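Colleague: I would like to see how this sequence folds:
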Amino acid sequence: MDDRAGAFSFGAAGAAPGDVEAAVSRARAALLARQQADGHFVFELEADATIPAEYVLFRHFLGDPAPAELERKIAVYLRRRQTAAGGWPLFAEGVFNVSASVKAYFALKMIGDDPEAAHMKRARAAILAHGGAAQANVFTRSLLALFGEVPWSATPVMPVEIMLLPRWFPFHISKISYWARAVIVPLTVVNALKPKPVNPRGVGVRELFVTPPETVRRGPAAPHQAFPWTTLFDGVDRILRRAEPHMPKGARKTATERAVAFVEERLNGEDGLGAIFPAMVYSALMLHALGAPLDDPRILMIRRGIEKLLVVKDDEAYCQPCVSPVWDTALASHALLESAGAGVAAEAGPEAVAVRRALDWLKPLQELDVKGDWAMSRPKVRPGGWAFQYANPHYPDLDDTAVVAMAMERAGRGADAESEAGPQDGEAIARAREWILGLQSRNGGFAAFDADNDHDHLNYIPFADHGALLDPPTADVAARCVSFLAQLGERPETNPALARALDYLLREQEAEGSWYGRWGMNYIYGTWSVVSALNAVGLAPDHPALRRAADWLKRIQNLDGGWGEDGASYELGYKGYDPAPSTASQTAWALIALMAAGEVDSPEVAAGIAYLARTQGEDGFWEERRFTATGFPRVFYLRYHGYPKFFPLWALARYRNLKAGNALRTPYGM
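Modeller: Prediction:
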């Protein structure tokens with residue numbers, strides 16, 4: 001079925017100016033009402049079924065199940081996410097995923113669902129039809145090994161002795177991404193010690209295997225893993241497996257001490273190691289495996305942080321992978337600034353007041369002291385970034401930093417005669433600029449957390465079947481950094497770093513005209529990011545890169561006037577856009593991109609604006625159940641509940657402002 005086949009005709013009239021203004025007013029009022037008392041914004045961040053399932057299994061592993069009512073609510077959530085075909089997908093309306101399905105089934109059985117209940121029988125049949133639990137990914141098989149469901153030989157060897165490897169060695173923790181580092185370091189200790197689960201209800205999932213689970217050895221290679229690297233690393237894994245039992249005790253003790261020291265330095269209070277759920281869980285399991293009791297202050301602190309990730313509602317509950325307050329606050333600030341129209345700083349309307357409160361909340365979260373893991377590759381650079389979460393000092397990211405600093409710069413325009421950013425934010429913006437420039441990679445691009453984290457061979461090791469062991473430069477993050485520098489008034493002619501970044505972005509454009517989106521779904525997100533940057537840096541609307549991008553966006557517009565794309569676009573061997581139902585946030589990205597390319601008067605933009613105006617809910621927001629963001633392509637996807645609250649407002653207000661000002665493009669970086 002062609003999802004583009006709809007009722008909208010581009011010949012029909014777009015939304016009337018009054019309808020657009022009314023939509024902006026409703027959305028702005030709704031967003032202002034969601035601002036927290038201290039000035040920040042935070043919305044739910046939902047992933048697939050694996051995170052709440054792992055939460056349940058983690059507590060049973062420790063012998064401390066969650067309260068019965070909480071488990072009941074989590075079970076309701078897991079059952080709701082099950083598809084009619086029996087399994088669980090990685091994103092709403094996605095295809096069956098064996099790893100997510102195994103974890104969800106295991107958690108429901110652990111909670112107490114009868115294996116012979118209809119939904120459990122359907123799940124089991126679906127898993128077995130796809131080869132059984134032995135086909136699950138490395139992290140799922142590691143969990144099954146911890147519970148004694150499969151032998152440890154079913155998982156690749158990742159010895160704790162990796163902590164002793166020198167920087168020049170082909171594998172080193174500095175050469176993998178922040179999220180992999182934060183999970184793998186404690187996991188190596190757990191795997192070395194092989195703790196036994198308490199599992200008070202004695203639940204297992206032997207029935208999910210096609211062959212006896214004790215015979216399971218290695219799982220299948222991931223789609224991205226191929227000859228000759230896979231063959232080479234499989235050989236290394238076999239050698240390590242034979243050698244591991246004979247590792248010198250002194251070396252293991254030293255390596256374990258280094259791993260523990262690494263984790264303890266980054267425990268990060270109740271915000272947790274890396275401020276992400278998997279790392280928090282493995283840091284607690286590591287300490288417990290080393291002999292710390294459950295009432296050890298460190299374990300109690302970690303577990304309080306995990307509990308803070310829960311979203312508990314009247315009828316169901318789930319666990320978030322992390323929280324997104326800095327990202328939500330910065331993006332909401334941009335939408336509010338846009339909604340205010342011209343003169344926001346001078347007029348001090350409700351939007352300006354709200355944004356000032358948001359920026360005052362953000363400002364002290366800038367990391368100015370801790371040299372995080374990024375300093376492994378850039379030791380001489382001063383800190384100056386913002387993290388994604390409430391606190392994560394070792395792991396600020398360039399995307400958040402650029403977006404926060406751009407909001408500060410825009411809010412401060414006109415606030416002080418001697419400083420475009422205003423006296424309160426000028427130093428923060430300068431430190432952000434210094435840090436971002438210090439983390440530019442060799443190829444001119446920018447990554448999320450590190451520089452030059454592009455050792456491609458590591459994605460072929462058996463442990464990396466998720467294909468997300470690295471943090472290489474990407475077009476969307478690089479675009480945000482270019483947008484920030486350009487919004488500050490810098491140009492490629494006078495800034496060599498900006499010139500190299502611009503060259504990187506132009507090289508990365510796909511033949512069809514789009515750009516890959518690493519952190520948002522997918523080519524629509526990447527194209528919005530880059531086109532905004534190209535506009536900010538001063539490329540003319542008739543530049544070939546902008547024309548190809550605009551033409552591509554017009555071609556993929558759905559007949560209802562909106563735009564949509566799902567996780568299937570991350571499949572290897574991309575052959576071009578696959579139609580998907582429209583969403584409000586993806587429609588907003590496409591509209592902002594088209595307007596940045598000088599297309600504000602095009603019928604496609606009018607159709608997209610009409611789509612947003614007529615799909616706005618009574619509460620001023622937009623309903624969006626589909627996932628529109630990405631954790632790891634092909635492995636882990638996200639649904640930001642804030643996206644349909646601030647991106648459509650942003651697009652509608654941008655349209656209103658450009659039309660009212662008779663302008664073709666915006667002067668801002670986003």
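
Colleague: What's the local residue count around E316?
Modeller: 18 (other CB atoms under 10 Å). In short, each C-beta sits where N, CA and C put it, glycine included.

Colleague: In contact with it, which residues?
Modeller: By CB atoms under 8 Å, 6 or more residues apart in numbering, E316 lies in contact with K73, I74, V76, Y77, R80.

Colleague: For it, grab phi and psi.
Modeller: phi -150, psi 170 (degrees, to the nearest 10).

Colleague: Any figure for the gap between it and V76?
Modeller: Counting by CB to CB, to the nearest Å, the gap from E316 to V76 is 4 Å.

Colleague: repeat for N459
Modeller: 37 Å.

Colleague: Could you do N662 as well?
Modeller: On the measure of CB to CB, N662 and V76 end up 53 Å apart.

Colleague: From V20, how far off is the nearest residue to Q36 once chain neighbours are set aside?
Modeller: Of all residues not flanking Q36 in the chain, V42 sits nearest, at 6.8 Å (CB to CB, 6 or more residues apart in numbering). Distance of V42 to V20, computed by CB to CB: 28 Å.

Colleague: what do you get for L70?
Modeller: 44 Å.

Colleague: and what of D476?
Modeller: Distance from D476 to V20, by CB to CB: 28 Å.

Colleague: more neighbours, the two?
Modeller: Comparing D476 with V20 by other CB under 10 Å, the one with more neighbours is D476, at 26 against 20.

Colleague: Could you list every helix and strand in contact with the helix or strand encompassing that one?
Modeller: Assigned by DSSP states H and E, D476 belongs to helix 475-487. When contacts are defined as 3 or more CB pairs under 8 Å, 6 or more residues apart in numbering; DSSP states H and E, helix 475-487 packs onto helix 398-411, helix 426-438, helix 496-508, helix 523-537.

Colleague: what about the helices in the stretch 1-150 of the chain?
Modeller: 17-33, 50-61, 68-81, 98-111, 118-129, 138-146 (DSSP state H, counting those that start in this stretch).

Colleague: any idea which helix or strand comes after the helix or strand bottoming out on mean pLDDT in the chain?
Modeller: Sorted by mean pLDDT, DSSP states H and E, the helices and strands of the chain end with helix 344-347, the least confident at a mean of 44. Remark: after helix 344-347, the chain's next helix or strand is helix 350-362, criterion DSSP H and E.

Colleague: outside of that next one, which residues touch it?
Modeller: 28, 32, 35, 38-41, 326, 329-330, 332-333, 336-337, 339-340, 344-345, 386, 404, 407-408, 411, 425.

Colleague: again, 6 Å this time
Modeller: Residues outside helix 350-362 that contact it (CB atoms under 6 Å, 6 or more residues apart in numbering): 32, 35, 38-40, 329, 333, 336-337, 339-340, 344, 404, 408, 411.

Colleague: quick one: average pLDDT of it?
Modeller: Helix 350-362 shows a mean pLDDT of 95.

Colleague: same thing with stretch 502-510?
Modeller: 98.

Colleague: Going by neighbour count, list what's buried in it.
Modeller: L502, Y504, L505, E508, Q509, E510 (16 or more other CB atoms under 10 Å).

Colleague: any chance of the residues you listed in JSON lines, plus distance to E93?
Modeller: JSON lines is the format used below for the buried residues of stretch 502-510 (distance: CB to CB, whole Å):
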{"residue": "L502", "distance to E93": "37"}
{"residue": "Y504", "distance to E93": "34"}
{"residue": "L505", "distance to E93": "31"}
{"residue": "E508", "distance to E93": "29"}
{"residue": "Q509", "distance to E93": "29"}
{"residue": "E510", "distance to E93": "25"}
